[in-house]
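# Sequence and predicted structure are below.
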Amino acid sequence: MSTKWDDTSWQKEFLEIKAHSPSDAKLLIGGVKGLKGGWRLGVLHVEYERLKKIQEQQKQ
């Protein structure tokens, strides 16, 4: 499986799925500025994948 590291489409979609804190929204829109931001963005991506999986299961 190949990962596109510059793909930000999930971030835009995740902003629409649920409400976020201002700091998380800024991170999703503006990108990572340091190690802490990278860690938090990784946590948000895992949450996004979990929510997408739940949505797909509900559609079936």
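Alright, I've got the coordinates.
# How far away from the center of its chain is the helix or strand where residue 44 lies?
Secondary-structure assignment from DSSP states H and E places residue 44 in helix 35-59. Put simply, helix 35-59 sits 5 Å off its chain's centre (Cα atoms, centre = their mean, to the nearest Å).
# And for the spatially closest residue to residue 48 that is not a sequence neighbour, the neighbour number?
Nearest residue to residue 48 in three dimensions, chain neighbours excluded: residue 14, at 4.4 Å (Cβ to Cβ, 6 or more residues apart in numbering). For every residue, glycine as well, the C-beta is placed using N, CA and C. The number of residues packed near residue 14 is 20, by other Cβ atoms under 10 Å.
# Low-confidence bits of the protein, can you list those?
Filtered on pLDDT under 70, the chain yields the residue ranges 1-6.
# one more time with 80, if that's ok
Applying pLDDT under 80 to the chain flags residues 1-7.
# Centre-most residue in it?
residue 45 (3.8 Å; Cα atoms, centre = their mean).
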